[in-house]
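J.: sharing a sequence plus its predicted fold:
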Amino acid sequence: GQQLNQSPQSMFIQEGEDVSMNCTSSSIFNTWLWYKQDPGEGPVLLIALYKAGELTSNGRLTAQFGITRKDSFLNISASIPSDVGIYFCAGHSGGSNYKLTFGKGTLLTVNP
Amino acid sequence: NAGVTQTPKFQVLKTGQSMTLQCAQDMNHEYMSWYRQDPGMGLRLIHYSVGAGITDQGEVPNGYNVSRSTTEDFPLRLLSAAPSQTSVYFCASSLSQNSPLHFGNGTRLTVT
């Protein structure tokens, strides 16, 4: 089946630093999604990408859909303590059999 | 607008017991799904439904049953709980198969 490799597994950064995380796929995806999960809650959608090469921002967050359609990255600029959480990438390969594949997550810790 | 509501938030079962995890959404979403989240494993799809009366298996369906008698509700049944089913369970829904998922806040299940 499809596999998503998400890296890094965890990050410890200082407040104010920029963060970058990425996902690579073993197959082509038509959609890339980035979610954030706060402790004790469900994942919340941050950014959705639908076209190869697409670069989309949401406040301090920027994500890109790779040209090869097998990768995506998420950048967070000027991190703040509330950025702490688990970030998941997810992808959909399209077709009639819809199944969203998730990466294993990046745990982000921000030191004030 | 409540979004996706899961009950209960916490549950402890003994091996062999059965129970139903409830999920309801009030967004008139056609697509609903159940995931389990385990440390180091990310989110894995258990079952999904593309509309009322239609269900299908995901990546890890064994030991679980689902039904979709209405658009709003998508309960997950554990027929005979096993310790391997100790996990956090998330219900998610979306407008259509290709739309981003909206997650509930999860049910934390422990099987002893």
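T.: Thanks, I have the structure now.

J.: pLDDT score assigned to residue A:96?
T.: Looking at residue A:96, its pLDDT is 60.

J.: list the pairing partners of the least confident helix or strand in chain A by mean pLDDT within its sheet, with orientation.
T.: When the helices and strands of chain A are scored by mean pLDDT, DSSP states H and E, strand A:101-102 comes last with a mean of 90. Paired neighbours of strand A:101-102 in the sheet (DSSP bridges): strand A:85-92 (antiparallel).

J.: what residues does the partner strand touch?
T.: The set of residues external to strand A:85-92 that reach it, using Cβ atoms under 8 Å, 6 or more residues apart in numbering or on different chains, is A:2, A:4, A:6, A:21-23, A:25, A:29-39, A:43, A:46, A:72, A:74, A:98-103, A:105-108, B:42-43, B:98, B:101. Quick note: C-beta positions are derived from backbone N, CA and C, even for glycine.

J.: narrow those to those that are buried.
T.: Buried by 16 or more other Cβ atoms under 10 Å in any protein chain shown: A:4, A:6, A:21-23, A:25, A:29-37, A:43, A:46, A:72, A:74, A:98-103, A:105-106, A:108, B:42-43, B:101, out of the contacts of strand A:85-92.

J.: contacts for the least confident helix or strand of chain A, please.
T.: Contacts of strand A:101-102 (Cβ under 8 Å, 6+ apart): A:1-4, A:25, A:88-93, B:35, B:42-44.

J.: just stretch A:41-52 next, same as before
T.: Here stretch A:41-52 makes contact (Cβ under 8 Å, 6+ apart) with A:30-38, A:56-58, A:61, A:63-69, A:72, A:74, A:87-88, B:4, B:43, B:90, B:92, B:100-106.

J.: how many neighbouring residues does residue A:67 have?
T.: 10 (other Cβ atoms under 10 Å in any protein chain shown).

J.: now it. Its backbone dihedrals?
T.: phi -60, psi -40 (degrees, to the nearest 10).

J.: pretty sure it is touching residue A:55, no?
T.: No. Contact criterion Cβ atoms under 8 Å: residue A:67 and residue A:55 do not qualify, at 11.1 Å.

J.: for burial, what's the neighbour tally of residue 27?
T.: Here I'm looking at chain A. Residue A:27 is flanked by 13 other residues according to other Cβ under 10 Å.

J.: ah, I was thinking of chain B
T.: Close neighbours of residue B:27, defined as other Cβ under 10 Å, add up to 14.

J.: I figured it was touching residue B:99, is that so?
T.: No. Residue B:27 lies out of contact with residue B:99 (Cβ under 8 Å); the separation is 10.5 Å.

J.: for chain B, which residues are neighbours of chain A?
T.: B:4, B:31, B:33, B:35, B:40-45, B:48, B:50, B:58-59, B:90, B:92, B:97-98, B:100-106 (Cβ under 8 Å from any Cβ of the partner chain).

J.: buried among the residues you listed? Make that a ChimeraX selection.
T.: The ChimeraX command for the buried members of these (criterion: 16+ other Cβ under 10 Å) is given here:
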select /B:4,31,33,35,42,43,44,45,48,50,58,90,92,97,100,101,102,103,104,105,106
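
J.: mind listing which of the residues of chain B next to chain A are in strands?
T.: Those of the residues of chain B next to chain A mapping onto strands are B:4, B:31, B:33, B:35, B:42-45, B:48, B:50, B:90, B:92, B:102-103, per DSSP state E.

J.: thank you, goodbye.
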